[in-house]
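Participant: after the sequence you'll find the predicted model.
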Amino acid sequence: MRALIMLASPLAALAACATPCPADIGQVYRQEAYRCVDGTELAVSFARQPNVAVIAVNAQRAVSLPAQPTAEGFRFSGAAGTFVGDGSVARWAAAGGAQTQCATEN
């Protein structure tokens, strides 16, 4: 039932979940689209319980990165990459890839 509600929600369309979506990510509290200086496009859903960022890179299959402690802003990191930022600016690095600067699309 919960999955059906999420699929029906307009926010679910922006939930950064390319097919298939990662397992239940909990309550999505924020969604952002980021464009990076190298041309990469990120669709990011920030969720709680668990505290994760689900990121679809260039509309491909989404990856889930767990939150990591940070003094300010946000930091999500795991085997698939690292996403660090504060407000509308962020840095993205896919696993083994170079870091790129990103900003929200407003």
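Facilitator: That came through, no problem.

Participant: switch to C-alpha atoms for all contacts and neighbour counts from now on
Facilitator: Will do.

Participant: any stretches of the chain with poor pLDDT?
Facilitator: Scanning the chain for pLDDT under 70 picks out 1-24.

Participant: ranges for the helices of it?
Facilitator: Counting by DSSP state H, the chain has helices at residues 2-8, 10-13.

Participant: residues touching stretch 71-84, excluding its own?
Facilitator: Outside stretch 71-84, the residues within contact range by C-alpha atoms under 8 Å, 6 or more residues apart in numbering are 52-53, 63, 65-69, 85-87, 90-96.

Participant: so in that sheet, which strands flank the longest strand anywhere in the chain, and in what orientation?
Facilitator: Criterion DSSP state E: the longest strand present in the chain is strand 27-36. Using DSSP bridges, the strands paired with strand 27-36 are strand 41-48 (antiparallel), strand 100-104 (antiparallel).

Participant: which one of those strands is the most hemmed in?
Facilitator: strand 41-48 (a mean of 22; mean count of other C-alpha atoms under 10 Å).

Participant: give me the distance from it to the chain's centre.
Facilitator: Taking C-alpha atoms, centre = their mean, to the nearest Å, the mean C-alpha location of strand 41-48 is offset from the chain mean by 3 Å.

Participant: for stretch 44-60, same thing?
Facilitator: 3 Å.

Participant: show the end-to-end separation of it, please.
Facilitator: End-to-end distance for stretch 44-60, by C-alpha to C-alpha, to the nearest Å: 12 Å.

Participant: how about stretch 33-53?
Facilitator: End to end - C-alpha to C-alpha - stretch 33-53 spans 12 Å.

Participant: counting neighbours, what do you get for V54?
Facilitator: Neighbouring residues of V54 were enumerated by other C-alpha atoms under 10 Å; the total is 27.
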